[in-house]
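[1] kindly return the folded structure for what I paste below:
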Amino acid sequence: MAVDITLDRLKTAVIKLAELTGENRFVLIGRATLAITAPTPFQEFARSDDIDLWPEGNEDASLDLCIQQMGEASPFHIQNGFYVERVGSWTLLTQPVGWLERSTKLAFDGIEIIALGLLDLAYNKLEANRQKDRDFLQAAFEAGLIDVQEIINFIQVHAPNDFVREKLNGNLSNLLGLH
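    Model prediction:
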């Protein structure tokens, strides 16, 4: 069952992950980024079952232990109502160049979080094009969290080639009912 991923919940997860891994810099993707990047009226869009997160400098750091301690159905999940999905840099292999510069950084207690930017998140979800991603994007467009023209412009500027640009524009057109 999804919970609101608040900044406090995010900090709880990151502090625990830092304890398990010995790392102090983490990359955050997915809906949980909205706990950092979304304006206050849109914080409910950070509602999720999980937080997609990995230690930036050492993706394999305590991987099995983290999955056991913080993954789905783990003690952490049972106690907090959400779990940590240990993803990795492979999830951003097709992310447009410059995502890191567009990211939002947050630091606390000597730990840094690098959160995927809002338009990069929308791009990522358009590219994945799963039903849950389409549902999220539809709701985000309708609520005004993401401006349709801004994502169109973002795709135009940041898609790496015409094939990807056409695919993303097609996914967006289908989502908006333009096809």
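[2] OK, contacts around the spatially most central residue of the chain?
    Centroid-nearest residue in the chain: Gly30, 1.8 Å away (criterion: C-alpha atoms, centre = their mean). Taking C-beta atoms under 8 Å, 6 or more residues apart in numbering, we find Gly30 in contact with Ser48, Asp50, Ile51, Asp52, Glu85, Leu116, Leu121. C-beta: built from backbone N, CA, C; applies to glycine.
[3] what about the first one, how many residues nearby?
    Neighbour count of Ser48, defined by other C-beta atoms under 10 Å: 22.
[4] got the contact list for it?
    Each residue near Ser48 by C-beta under 8 Å, 6+ apart is listed here: Ala2, Val3, Ile5, Gly30, Arg31, Ala32, Phe82.
[5] any idea how far the nearest residue to it once chain neighbours are set aside is from Gly170?
    With C-beta to C-beta, 6 or more residues apart in numbering as the criterion, Ser48 has its nearest non-adjacent residue at 4.5 Å, and that residue is Arg31. In this view, Arg31 and Gly170 are 23 Å apart by C-beta to C-beta, to the nearest Å.
[6] of those two, which one has the most company?
    Arg31 (23 against 14).
[7] now the terminal residues of stretch 95-107, how far apart.
    Distance across stretch 95-107, first residue to last, is 23 Å (C-alpha to C-alpha, to the nearest Å).
[8] whoops, stretch 38-58 was the one
    Length of stretch 38-58, first residue to last, C-alpha to C-alpha: 28 Å.
[9] for it, what is the distance to the chain centroid?
    With C-alpha atoms, centre = their mean, to the nearest Å as the basis, stretch 38-58 stands 5 Å off its chain's centre.
[10] residue boundaries of the strands in the chain?
    Applying DSSP state E to the chain gives strands spanning 3-4, 25-29, 47-48, 50-55, 83-86, 104-108, 111-115.
[11] would you map out the domains in the chain?
    Structural domains annotated on the chain: 3-117, 120-175, as defined by automatic domain parsing.
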